Every structure is written in C-alpha cells, then in structure tokens.
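Here's a sequence, model it:
(one chain, ligands or ions: 1)
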Amino acid sequence: MILLKPHGYEAYGITSTACLVPIDGPWLPLDPSCPNLVLASPSRLKRAHALCAHDELAETLEAVDVPDRQGESIWARERDFHDALARQLDVDALSVNRQPGPLDHVMLDLAGDLRGLRILDAGCGQGDLTLHLLQQGANVTALDVSPGMIEVVRSRASRLPDTGGQLATVAAPLEQSELPDASFDLVLGKYILHHIDVSSGALELRRVLRPGGRAIFIENAGDNRLLIFARDRLAGRWGIPRLGTEDEHPLTAGDIAGLRGVFSRVVAHYPVFEFLVLFDRQVLRFKSRRASRIIRGIDNAVHRRIPRLRRYSYRVIVELEV
Ligand SMILES: C[S@@+](CC[C@H](N)C(=O)[O-])C[C@H]1O[C@@H](n2cnc3c(N)ncnc32)[C@H](O)[C@@H]1O
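Numbering: from 1, shown residues only. Next up is the predicted model:
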C-alpha cells in the first residue's frame with residue numbers, strides 16, 4: 001500500500017484503499033473506504049493531481065476553498081529573509097561580470113546555445129546568472145519572491161552594455177508566478193527548488209514552458225543521511241553556522257520522483273561529489289589551504305572511483321523536459 005505523505009517524507013503516492021487528508025500541516029487519516037481525497041488548497045490539489053497522473057483516483061480529487069496559509073507564510077518568511085540580505089548588499093560594488101562557476105558551466109553546457117532564447121531565471125537572487133544570460137543574448141525574465149533582490153538585479157542590469165538580450169523582472173513566488181502559459185523556451189535556476197513547494201512549483205514550471213521546453217536547476221540534495229543529520233542536528237550549535245532559511249529543504253529522491261509525474265523527462269546529474277567539503281566549509285571554514293586541498297581530493301576521488309556513491313553528493317543538477 002502506498003500512502004500520500006507530505007513534502008520531505010520518504011515516499012508518497014496514492015492508494016485507492018486509504019486516504020490521508022492534508023489540512024495546512026498535519027495529514028489526518030480518513031475513513032479507509034473514503035471515495036474522495038479532499039484537499040485543503042488549490043496548490044495541494046494540483047500536487048495530488050501531479051502525483052496520481054496515471055491513477056484513476058485523480059478523477060475523484062476535489063478541492064475545498066481554503067487559502068494555502070502554509071505556503072503564504074513560507075513565502076513571507078523567504079521574502080523577508082532575502083529582502084534583508086538585499087539591503088545589506090553594496091550593489092554598486094558588485095561586479096556585473098561575475099564568471100560562472102564549475103557547476104554553472106555544467107548547467108550552461110546542458111542548456112546549449114542561449115542566444116535569442118526566452119529564459120526564466122527562477123529564484124534569481126542578486127542576479128549573477130541573469131546578467132550572464134543577458135550577456136549571451138538571451139531574453140531573460142528574472143523572478144524572485146524578494147522584491148529587494150529584484151531591485152538589485154535591475155540596478156545591476158542597468159550597468160550592462162547593450163547585449164541584445166531583454167530583461168523583464170517579476171517579484172512573485174515561483175509556485176504562483178502568474179506568467180503567461182508556454183512563454184519560455186528554458187527555465188534555469190540555482191538553489192531555488194529546495195526553497196519552494198516542489199510539487200506545485202513543478203506544475204507552474206510545466207505551465208510556463210513551451211511544449212518540449214526544458215528546465216535545469218543546480219540544487220542542494222538531501223539523500224545523504226549523514227549530511228542531513230549534520231544539517232539538522234549540528235548546524236547552529238557548537239559554533240557551526242546554520243546557513244539559509246528555516247523552510248528550505250534539500251531535494252530528496254522523493255521530490256525527484258514527484259517531478260517524474262509532471263515532466264516527460266527527468267534526469268539527475270551528479271557532476272561533482274561534495275561531501276567532506278561541507279565539513280571543510282562549516283567546521284574548518286576553509287582556513288587551511290592544505291586541508292582544503294586534501295578534502296577536495298578525497299571528494300574528487302570518490303566521484304571518479306565509486307560512481308554509485310555520486311547520488312549522495314550534496315549537489316545535484318536536475319534536468320526536466322516538458
Ligand atoms: C539561495 S538563493 C539563490 C539565489 C540565486 N539563484 C543565486 O544562486 O545566487 C534563493 C533565492 O530564491 C528566492 N526564493 C525563495 N523562495 C522562493 C519562491 N517560492 N519563489 C521564488 N523565489 C523564491 C529567494 O528570495 C532567494 O533569492
């Protein structure tokens with residue numbers, strides 16, 4: 001029997017013999033013979049439709065009109081956190097020519113020729129990727145839930161020479177972008193999926209992409225139990241910094257399985273193995289170059305020699321096709 005479980009649990013799906021009902025948080029068991037799955041919000045309805053796309057139960061789903069308060073409060077927390085970061089930036093001192101890093105290159109290689117493409121930079125933050133894409137001649141829509149970050153992007157983009165690419169900006173949650181249907185050839189994003197409700201975000205991505213369009217994301221992955229234990233139990237204690245927002249959640253195999261119900265093609269790439277480097281970053285704080293070299297060498301050796309461990313890397317690149 002498969003159970004429908006909320007985000008972050010190990011498995012989810014739907015059984016026709018038992019239903020769990022999500023009402024803004026806890027999921028309550030219903031009468032096991034219930035004919036319908038009643039959902040607390042439109043976004044949860046969309047999520048369940050995506051999950052059971054190939055299940056006759058999809059036709060029995062039903063929504064009740066309750067706002068998705070949980071989603072809205074997460075967006076507010078994310079917005080406030082990143083607006084505060086944006087206020088701390090010295091925008092004029094930020095270069096507009098930041099070079100892409102190694103993982104960016106993997107993502108950009110997968111994306112191919114960018115000139116003239118309509119690209120959504122999902123969760124653009126301060127806009128390094130947006131600026132790079134504009135300089136490649138792409139027409140870019142930079143979207144972020146933080147209006148402060150959107151202001152930073154606009155200000156930086158105004159310092160770019162004309163590259164032929166056009167910039168549009170949107171301050172909105174990715175899950176409810178209100179962008180037109182089929183309006184993008186490509187969606188790119190760095191460290192955004194693990195900030196959003198992946199299931200409803202996936203449906204929104206599919207909606208705004210043209211048929212055959214693709215999305216590629218660099219993400220934090222959550223399938224290495226040791227790393228997740230350290231993140232949940234050690235970060236924020238004993239002088240180990242806790243980075244990021246309270247609601248973010250590294251992407252799990254369950255999230256990726258959910259994406260398979262929405263996109264025709266889903267590939268998880270593991271171009272690097274990042275494991276010990278997290279210890280270097282969080283505990284040693286990259287203070288010893290020699291230690292960093294050794295640690296990086298061990299991670300690289302694991303990547304080269306033990307391919308089956310690659311999926312336990314902290315970094316994953318997720319490629320999706322409509
Ligand atoms: C870790 S930062 C990454 C920023 C940028 N992509 C980069 O790599 O520099 C995550 C960004 O996602 C934005 N964000 C968080 N939740 C979001 C949501 N639901 N919809 C859109 N943007 C969101 C945050 O405001 C933040 O700018």
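
neighbours around the closest residue to residue 189 other than its chain neighbours, how many?
Spatial nearest neighbour of residue 189, chain neighbours left out: residue 122 (3.8 Å); criterion: Cβ to Cβ, 6 or more residues apart in numbering. No exception for glycine: its C-beta is placed from N, CA and C like everyone else's. When neighbours are counted by other Cβ atoms under 10 Å, residue 122 registers 27.

Can you show me the helices along the stretch 101-250 of the chain?
With DSSP state H, counting those that start in this stretch as the criterion, the stretch 101-250 of the chain has helices at 102-111, 128-135, 147-157, 198-208, 225-229.

for those helices, which one sits closest to the ligand?
The ligand sits nearest to helix 147-157 of all these, at 4.7 Å, using Cβ to the nearest ligand atom.

For this structure, which residues are neighbours of the ligand?
The interface of the chain toward the ligand, taken as Cβ under 6 Å from any ligand atom, is made up of 75, 78, 82, 123-126, 128, 144-146, 149, 173-175, 190-192, 195-196.

what do you get if the cut-off is 5 Å, keeping everything else the same?
By the criterion of Cβ under 5 Å from any ligand atom, the positions of the chain lying close to the ligand are 78, 82, 123, 125, 144-146, 149, 173-174, 190-192, 195-196.

Give me the below-cutoff pLDDT ranges for the protein.
Per-residue confidence of the chain (counting by pLDDT under 70) places the weak regions at 1-70, 236.

Mind naming the longest helix for it?
With residue count as the measure and DSSP state H as the assignment, the chain has helix 69-88 as its longest helix.

can you list contacts of that helix?
Counting by Cβ atoms under 8 Å, 6 or more residues apart in numbering, the neighbours of helix 69-88 from elsewhere in the structure are 24-25, 41, 43, 125-126, 144-149, 151-152, 173, 175, 195, 197, 200, 245-247.

how far out from the middle of the chain is that helix?
Computed by Cα atoms, centre = their mean, to the nearest Å, the chain-centroid distance of helix 69-88 equals 16 Å.

about what we covered before: check whether the residue nearest to residue 189 really touches residue 186, as I assumed.
No - counting by Cβ atoms under 8 Å, no contact exists between residue 122 and residue 186, whose distance comes to 10.6 Å.

any shared contact partners between these two?
Common neighbours of residue 122 and residue 186 are listed as residue 215 (criterion: Cβ under 8 Å, 6+ apart).

could you pull out the strands for the stretch 151-300 of the chain?
Defined through DSSP state E, counting those that start in this stretch, the strands belonging to the stretch 151-300 of the chain, from first to last, are 167-171, 184-190, 209-220, 265-269.

so how far is the ligand from residue 93?
Using Cβ to the nearest ligand atom, to the nearest Å, one obtains 16 Å as the distance from residue 93 to the ligand.

can you check residue 216 too?
Using Cβ to the nearest ligand atom, residue 216 is found at 13 Å from the ligand.

got it, and residue 117?
Counting by Cβ to the nearest ligand atom, the gap between residue 117 and the ligand amounts to 18 Å.

Just confirm that residue contacts residue 134, I think it does.
No - contact criterion Cβ under 8 Å: residue 117 and residue 134 do not qualify, at 11.5 Å.

ok, those two, which is more surrounded?
Relative neighbour count places residue 134 above the other of residue 117 and residue 134, with 25 against 20, counting by other Cβ under 10 Å.
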